[in-house]
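**Q** Below is the structure, and that's it, no one-letter string:
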């Protein structure tokens, strides 16, 4: 499969001189279309820095980042928002919905950024909400949605612009076990059906069963590329995506 | 979409913003309206004179400081080619004694009987021809209380001479607080202490088609020790003297500017607070691929929407105040040109108030969205 995103020999340092702190050292990684990669590691290990670099939000100190085959490392600052807009969808731990907008408007804003006209954007947004099982919540404000519903709205927002890459930062951290499972099932299904590359940063072991590949990051270096998960991915579809039962089902979230 | 929704979502802050804008715009509108009202009042007697030219003693700086010259100049003026009519005119301070004995300063305006220039206007009782009656004076009804006048025909006292009110005008205000008292030339001389052959001004009507600049030159050449001013020029001199020469106008303009400044500060503070509150949302937008320009537009729209709504409320209040002021001696004028200018100023004020917020968002690191 072609790599949706490629990170080559990337380093990132903060500060300068003797106070410089290296957050990432010589990290290389590829994520293919349709692949789900779970990235794990302790706090301060460099997960968020790597996710920011893969999301073209942060520039590496050295190395190369290719998005959909294009080197974005040398692009001028003004062109980076366009790369994010066309290729990358974000799902955040805290949902990051706009509290003043309805669910449909929250999704439509991703299309508004692309210059799509409001009526058409709202229609597409409602379709996207329906695809995440929230067709009846289009007019609800975020304050009136549960945590799981908010995250599904955020997923609809991340997907509505048809990006090639989904970057999810702790997408289940703020959810109960039922909602967390729903969200992970949804991410998995949409990744498979729509052939999107998905990178999930998490501390949550229960997401591991959804991974095609698991990488561990510690002290700014990738320590492991989990062959077991890769083997599982090759084993076939699970309960929602058509795969066998996974760790999520085996180790439920505490109530 | 986001701009309006953000505003309406936090209604308390929105109301605070609107109150700030309304306060600012009303204050500015009232101050600028006062400025226009004062400006008109300073020169109304000149602009309503229907004269083409004013002959003024050399060196006179404003209407109330006229220096007397011989009325015989009128005959010289009438002899100048291009002059259709020339009338003597007097505008000078006098002292009015109220029925209760209190004294008030007045501006005596002496006009020629049956003349076509310098006559009282907006008469609501009596006629200009009534000034031909002995001791007749016409005052403005706005100053009846100030002058102790209750009815037509009331005998009054001017410079210890008897006079009688034969008419009322409506809306002839003066900047100096000394009410205009129209009377005949002869009475005016008596009330102001001029000699019977003296006048302070000549009002000139040019013949149709006459070139005013050339006529002015001819009159200046023909008449000794005078300046000849067009009505527009003399009016501008008078306005500038009172509004800027005395500092009165500057203080009003400063108050108007302060009003706008208060508006800028209030709007800037509330928009900034709103921006800080929504900073995570702006970070999310940036991460999603929004350009700085997109976010600027959201912030500027918030300010502009606040400005338009605040302006609307403010104009309703200002119009009410302006209308109410018409019953008093100090008019607050709100012509459409001022209203339109204030609209532009309000929007400019609100948008400039967004600059601090825009600066905040410009420096926003979209990676913040991953921080918890």
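**A** It's in. Fair warning: this is a prediction, and the values are worked out from it, not measured in the lab. Numbers count the residues shown, from 1 in each chain, chains lettered A, B, ... in the order given.
**Q** Contact partners for the residue in the stretch 151-255 of chain A positioned nearest to chain B?
**A** Closest contact between the stretch 151-255 of chain A and chain B, by CB to the nearest CB, is at residue A:169 (5.1 Å). C-beta: built from backbone N, CA, C; applies to glycine. Shown in contact with residue A:169 (CB atoms under 8 Å, 6 or more residues apart in numbering or on different chains): A:48, A:51, A:90, A:91, A:92, A:93, A:201, B:369, B:370.
**Q** can we see that at 6 Å?
**A** A:92, A:93, A:201, B:370 (CB atoms under 6 Å, 6 or more residues apart in numbering or on different chains).
**Q** what about the third one, which SS state?
**A** In other words, residue A:201. Reducing the assignment at residue A:201 to three states with DSSP: H, G, I helix; E, B strand; the rest coil gives strand.
**Q** Just give the nearest non-adjacent residue to residue B:154, would you?
**A** Excluding the flanking residues, the one nearest residue B:154 by CB to CB, 6 or more residues apart in numbering or on different chains is residue B:165, at 5.0 Å.
**Q** Need the per-residue pLDDT for the one you found.
**A** Looking at residue B:165, its pLDDT is 92.
**Q** and the residue of the stretch 151-255 of chain A closest to chain B, what pLDDT?
**A** For residue A:169, pLDDT reads 90.
**Q** before we move on, what about the one 5 residues further on?
**A** Confidence at residue A:174, expressed as pLDDT, is 79.
**Q** burial count for it?
**A** 16 (other CB atoms under 10 Å in any protein chain shown).
**Q** just residue A:185 next, same as before
**A** Count around residue A:185 with other CB under 10 Å applied: 17.
**Q** Which strands or helices does the helix or strand it falls within pack on?
**A** Assigned by DSSP states H and E, residue A:185 belongs to helix A:177-194. Contacts defined by 3 or more CB pairs under 6 Å, 6 or more residues apart in numbering or on different chains; DSSP states H and E place helix A:177-194 against helix A:147-160.
**Q** Mind jotting down where the strands sit in chain B?
**A** B:53-57, B:69-70, B:83-97, B:103-111, B:123-125, B:136-140, B:155-158, B:161-169, B:180-184, B:198-199, B:201-206, B:226-230 (DSSP state E).
**Q** can you list contacts of the last one?
**A** Yep, that's strand B:226-230 we're talking about. Residues contacting strand B:226-230 (CB under 6 Å, 6+ apart): B:53, B:54, B:55, B:56, B:57, B:58, B:212, B:216, B:219, B:220.
**Q** Now a PyMOL select for only the buried ones of those.
**A** Remark: buried members of those, expressed as a PyMOL selection using 16 or more other CB atoms under 10 Å in any protein chain shown:
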select buried, chain B and resi 53+54+55+56+57+212+216+219+220
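**Q** which non-adjacent residue is nearest residue 204?
**A** With no chain named, the answer covers chain A. Using CB to CB, 6+ apart, the closest residue to residue A:204 is residue A:172 (5.4 Å).
**Q** looking at chain B here, not the other one
**A** residue B:53 (3.9 Å).
**Q** Per-residue pLDDT of that neighbour, please?
**A** Reading off the model, residue B:53 has pLDDT 93.
**Q** what's near enough to touch it?
**A** B:204, B:228, B:230.
**Q** Let me know the pLDDT of the last one.
**A** Pointing back at residue B:230 there. pLDDT at residue B:230 comes out at 92.
**Q** thinking again about what came up before, could you work out the most separated pair of the contacts of residue A:169?
**A** Farthest-apart pair in the contacts of residue A:169 is A:92 and A:201; separation 10.6 Å (CB to CB).
**Q** Roughly how far does residue B:337 sit from chain A?
**A** 36 Å (CB to the nearest CB, to the nearest Å).
**Q** That residue: neighbour count?
**A** 9.
**Q** how close does it get to residue B:215?
**A** Distance of residue B:337 to residue B:215, given as CB to CB, to the nearest Å: 32 Å.
**Q** okay, and for the stretch 201-350 of chain B, where does confidence drop off?
**A** For the stretch 201-350 of chain B, no stretch is flagged by pLDDT under 70.
**Q** What residues does the residue of chain A found nearest chain B make contact with?
**A** The minimum distance from chain A to chain B, using CB to the nearest CB, falls at residue A:85 (2.9 Å). By CB under 6 Å, 6+ apart, the residues touching residue A:85 are A:113, B:289.
**Q** Now do the same for it: its pLDDT.
**A** Reported pLDDT for residue A:85: 92.
**Q** Equivalent analysis for residue B:113, please.
**A** Per-residue pLDDT puts residue B:113 at 81.
**Q** out of everything not next to it in sequence, what's closest to it?
**A** residue B:132 (4.6 Å).
**Q** Tell me, how many residues neighbour the one you found?
**A** The number of residues near residue B:132, taken as other CB under 10 Å, comes to 12.
**Q** can you pull out the helices in the stretch 51-200 of chain A?
**A** Here the stretch 51-200 of chain A has its helices, by DSSP state H, counting those that start in this stretch, at A:80-87, A:103-112, A:118-131, A:147-160, A:177-194.
**Q** same check, this time on the stretch 201-350 of chain B
**A** B:212-222, B:231-240, B:248-277, B:279-288, B:292-325, B:336-353.
**Q** Residue A:102 is in contact with residue A:139, isn't it?
**A** Yes: between residue A:102 and residue A:139 there is a contact at 5.1 Å, judged by CB atoms under 6 Å.
**Q** which of those two has more neighbours?
**A** Legend: neighbour count by other CB under 10 Å for residue A:102 and residue A:139, higher for residue A:102 (22 against 11).
**Q** Now do the contacts for the more buried one.
**A** Neighbours of residue A:102 in contact, by CB under 6 Å, 6+ apart: A:139, A:141.
**Q** how about 10 Å then?
**A** A:108, A:122, A:125, A:129, A:137-142, A:144, A:153, B:5 (CB atoms under 10 Å, 6 or more residues apart in numbering or on different chains).
**Q** Domain map for chain B?
**A** With automatic domain parsing as the criterion, the domains of chain B are listed as B:2-42+B:247-370, B:59-224.
**Q** May I have the distance across the longest one, first residue to last?
**A** Criterion CA to CA, to the nearest Å; first-to-last residue distance in domain B:59-224 is 13 Å.
**Q** wait, what's in contact with the residue in the stretch 101-250 of chain B that chain A sits nearest to?
**A** Scanning the stretch 101-250 of chain B for the residue nearest chain A gives residue B:250, at 44.7 Å (criterion: CB to the nearest CB). For residue B:250, the contacting residues are B:35, B:243, B:244, by CB under 10 Å, 6+ apart.
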